[in-house]
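J.: Build me a model:
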Amino acid sequence: MASRAPTLSKSRYTAGLQCPKRLYLTGHDPRLADPVGPVQQAIFDSGNRVGALARQQYPGGLLVEEGPLQHARAESRTRRALQDDGIPAIFEAAFTHEGIRIRADVLRRAGKDEFDLIEVKSTTRVKNEHVDDVALQLHVIDGAGVSIRRAGLMHLNRDYVHPGGEYDLAKLLHLGDLTKEARGRLPAVESHLDGMWAILRENTPPPIEIGPHCARPYVCPFHGHCHRDAPAHPLHELYRISPRLLDELRALGLRDLRDLPEGEVALTRLQDRQCLAIRTGKPIIDAALSKRLKAYRYPVHFLDFETVNPGLPLFPGTHPYQMIPFQYSLHVLEKNGQPVHHEYLHGGADDPRPALARSLVEATRGAASVAAYSSFEATRLRELADALPDLATELLSIEGRVQDMHPLIRDHCYHPDFHGSFSIKNVLPVLVPGSGYGDLAIAEGTLAGLAYAEMIDPATPADRAVRLRAELLAYCKRDTEAMLSLFQLLAS
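T.: As a prediction, the model looks like this:
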């Protein structure tokens, strides 16, 4: 290993498994990374909260508090704690082996000179990348001479129902055994490490093409940097392109969908329409789209929900990551009338669903068609009916009238500027110039959920809560305005 090569860590190892170029840039030029946005920060914060709760499961444990720049000091403190039989668990234990630095979330003493390794995640299930994470930790801790009896993953229990008050940690957190699976990956760990050290020794990053791996399993922090020189229509924008077809096209030396040889690549009907629009530079709108939209019965109610889905449940009777509607916007269009707008945003810190559902039932009386953009609203309506039996009949009646505009536009319309996405946030500003979401403080659903959680937090200053409320109302209203605008344009 060259002395000038950066060190490896858990995060760099998993980065290398996702993309060798991400590993190189993380080690050599982290300043090229995109700024951490509020959504990503919320994910980090949620993980930290779950980690703190996990530590409460092991009273008397010692937290090694040294920061990442004091790894040597953290290792020294870890070694002392390992020798102290009076410490039942060590949190953030620090180890180094063969130039690889790791911190273990929990080391639980399992006997004399033997420990259980526990990784903590804020997800509700074990993912493949979690097993890789645990396997690397075993490699390092084994190399440091510490005996690990078992290795496990602690995560949120999706089936936990919050009773209110303090969380029941024994039920909220689930600990699964990954010892066999993680140890089975140790030979692969050594092979991966050899390749990663070789990448880090290079003077330039590896020439990795952009593609689906840029967002799987995580959105790469160097997404903006790597996409700055991307072609206008990169291959991975082909709708639902298979990995096999992507590899075949790259093997032909292709990078841009405009260069696909016409008629020589087997494409789906939708992909063929997409490529035709890109080659000609003109939108394609099937006549069937107008006919399908004109079949909507009036009055048409354009509905959009905003939801919050925290890992740690906010309301009694809810479980981790459950979608809780707290807001709706509704535009009502009569056959020959002007649209009328209705809206609801729950302002209290109690469960928003009962009051929201009652308001929605009243606002949708007389609706012949309920337009939505995706299956999201219909799913939330069914969930509301399950949670609120006294309103179930009315809510299921609304759900039965929902008509999804998304597949209609997807199956009958393509514009080159969609760039492979039929999200309303892509479609609206393209088809209705001058519209969009760029002028809004809140411009996507996850941010809306975060804003709502902040708005109802008693610690939020009153003026800040008032501003968040106004921003939430503006965002949700824009979604139904968007559907209304698209409907009026495409049904004409």
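
J.: What separation is there between Leu489 and Lys294?
T.: Using CB to CB, to the nearest Å, one gets 13 Å for the distance from Leu489 to Lys294. Where you see a C-beta, it was placed from the backbone N, CA and C, and this is true even at glycine.

J.: So for these two, which sits in the more crowded spot?
T.: Higher neighbour count among Leu489 and Lys294: Leu489, with 14 against 11, using other CB atoms under 10 Å.

J.: Hmm, the more buried one is touching Val432, no?
T.: Yes: applying CB atoms under 8 Å, one finds Leu489 in contact with Val432, separated by 6.2 Å.

J.: Report the next helix or strand after the longest strand that the chain contains in sequence order.
T.: Identified as the longest strand of the chain according to DSSP state E is strand 100-111. Downstream of strand 100-111, the next assigned helix or strand under DSSP states H and E is strand 114-120.

J.: May I see the buried residues of the top helix by length along the chain?
T.: Counting residues, the longest helix in the chain under DSSP state H turns out to be helix 462-490. Buried positions in helix 462-490, judged by neighbour count with 16 or more other CB atoms under 10 Å: 465, 468-469, 471-487, 490.

J.: Over to stretch 191-209?
T.: Buried residues in stretch 191-209, counting neighbours by 16+ other CB under 10 Å, are found at His192, Leu193, Met196, Trp197, Ile199, Leu200, Pro205.

J.: May I see those residues arranged in a markdown table, with distance to Pro416, pLDDT and secondary structure as well?
T.: Converted to a markdown table, the buried residues of stretch 191-209 look like this (distance: CB to CB, whole Å; pLDDT from 0 to 100; DSSP: H, G, I helix; E, B strand; the rest coil):
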| residue | distance to Pro416 | pLDDT | secondary structure |
| --- | --- | --- | --- |
| His192 | 40 | 98 | helix |
| Leu193 | 44 | 98 | helix |
| Met196 | 39 | 97 | helix |
| Trp197 | 43 | 96 | helix |
| Ile199 | 36 | 96 | helix |
| Leu200 | 39 | 96 | helix |
| Pro205 | 30 | 96 | coil |
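
J.: Just flag the most distant two among those.
T.: Distance extremes for the buried residues of stretch 191-209: the farthest pair is Leu193 and Pro205 at 18.4 Å, using CB to CB.

J.: packing partners for the strand or helix carrying Asn48?
T.: Asn48 belongs to helix 38-55 when assigned by DSSP H and E. Judged by 3 or more CB pairs under 8 Å, 6 or more residues apart in numbering; DSSP states H and E, the packing partners of helix 38-55 are strand 100-111, strand 114-120, strand 173-177, helix 445-456.

J.: How about residues contacting stretch 162-180?
T.: Applying CB atoms under 8 Å, 6 or more residues apart in numbering, the external contacts of stretch 162-180 come out as 50, 53-54, 56-57, 118, 126, 130-131, 134, 150-157, 160, 312-313, 315-320.

J.: now it, how far from the centre of its chain.
T.: 22 Å (CA atoms, centre = their mean, to the nearest Å).

J.: Show me what the mean pLDDT comes to for that stretch.
T.: Taken as a whole, stretch 162-180 carries a mean pLDDT of 97.

J.: related to what we said a few turns ago, and the next element down the chain from the helix holding Asn48?
T.: Criterion used, DSSP H and E; the element after helix 38-55 is strand 62-63.

J.: tell me the phi and psi of Thr307?
T.: phi -130, psi 160 (degrees, to the nearest 10).

J.: just checking, it touches Gly445?
T.: Yes: at 7.3 Å, Thr307 and Gly445 qualify as touching, with contact defined as CB under 8 Å.

J.: What residues sit buried inside the worst-scoring helix or strand of the chain on mean pLDDT?
T.: Every helix and strand of the chain was ranked by mean pLDDT, DSSP states H and E. The lowest is helix 243-251, at a mean of 93. By 16+ other CB under 10 Å, the buried positions in helix 243-251 come out as Leu245, Leu246, Leu249.

J.: and what of stretch 121-134?
T.: Buried, per 16+ other CB under 10 Å, within stretch 121-134: Lys121, Ser122, Thr123, Thr124, Val126, His130, Val131, Asp132, Asp133, Val134.

J.: Between all of those residues, which two are separated the most?
T.: So, these by CB to CB: farthest apart are Thr124 and Asp132, at 18.7 Å.

J.: so who does Ala33 touch?
T.: When contacts are counted by CB under 8 Å, 6+ apart, Ala33 touches Leu25, Thr26, Pro221, Phe222, His225.

J.: what's the farthest-apart pair in these?
T.: Taking CB to CB as the measure, these span a maximum distance of 11.5 Å, between Thr26 and His225.

J.: any idea how far Pro217 is from Gly366?
T.: Distance from Gly366 to Pro217, by CB to CB: 46 Å.

J.: before we move on, back to that, so between Thr26 and His225, which is more surrounded?
T.: Thr26 (23 against 16).

J.: Gln403 should be in a strand, yeah?
T.: Yes: counting by DSSP: H, G, I helix; E, B strand; the rest coil, Gln403 is located in a strand.

J.: who's in contact with stretch 348-367?
T.: 299-301, 303, 315-318, 324-328, 330, 332, 342, 344, 346, 370, 384, 387-388, 391, 394-395, 398, 401, 456-458.

J.: er, stretch 382-395 I mean
T.: Looking at stretch 382-395 with CB under 8 Å, 6+ apart, the contacting residues turn out to be 317, 323, 325, 353-354, 356-358, 360-361, 381, 396, 399.

J.: How far does it sit from its chain's centre?
T.: Averaging C-alpha positions (CA atoms, centre = their mean) puts stretch 382-395 28 Å from its chain's average.

J.: What residues of it count as buried?
T.: With burial defined by 16+ other CB under 10 Å, the residues of stretch 382-395 counted as buried are Glu383, Leu384, Ala385, Ala387, Leu388, Leu391, Glu394, Leu395.

J.: Then stretch 267-281?
T.: For stretch 267-281, a neighbour-count test (16+ other CB under 10 Å) marks Leu267, Leu270, Gln271, Arg273, Gln274, Cys275, Ala277, Ile278 as buried.

J.: State the mean pLDDT of the helix holding Asn48.
T.: 95.

J.: before we move on, what about stretch 349-361?
T.: Mean pLDDT, stretch 349-361: 98.

J.: Pull out the buried positions in that stretch.
T.: For stretch 349-361, the neighbour count (16+ other CB under 10 Å) marks Asp351, Pro352, Arg353, Leu356, Ala357, Ser359, Leu360, Val361 as buried.

J.: Could I get the full set of strands for this structure?
T.: For the chain, the strands defined by DSSP E cover 8-9, 62-63, 89-97, 100-111, 114-120, 147-156, 173-177, 284-285, 300-308, 324-333, 340-345, 369-372, 402-404, 413-414.

J.: can you put those strands in JSON lines and add distance to Val36 and mean neighbour count?
T.: Formatted as JSON lines, those follow (distance: least, CB to CB, whole Å; neighbours: other CB atoms under 10 Å):
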{"stretch": "strand 8-9", "distance to Val36": "18", "mean neighbour count": "23"}
{"stretch": "strand 62-63", "distance to Val36": "24", "mean neighbour count": "16"}
{"stretch": "strand 89-97", "distance to Val36": "21", "mean neighbour count": "22"}
{"stretch": "strand 100-111", "distance to Val36": "19", "mean neighbour count": "21"}
{"stretch": "strand 114-120", "distance to Val36": "21", "mean neighbour count": "21"}
{"stretch": "strand 147-156", "distance to Val36": "23", "mean neighbour count": "20"}
{"stretch": "strand 173-177", "distance to Val36": "26", "mean neighbour count": "16"}
{"stretch": "strand 284-285", "distance to Val36": "39", "mean neighbour count": "15"}
{"stretch": "strand 300-308", "distance to Val36": "21", "mean neighbour count": "25"}
{"stretch": "strand 324-333", "distance to Val36": "25", "mean neighbour count": "24"}
{"stretch": "strand 340-345", "distance to Val36": "28", "mean neighbour count": "17"}
{"stretch": "strand 369-372", "distance to Val36": "32", "mean neighbour count": "22"}
{"stretch": "strand 402-404", "distance to Val36": "34", "mean neighbour count": "17"}
{"stretch": "strand 413-414", "distance to Val36": "34", "mean neighbour count": "24"}
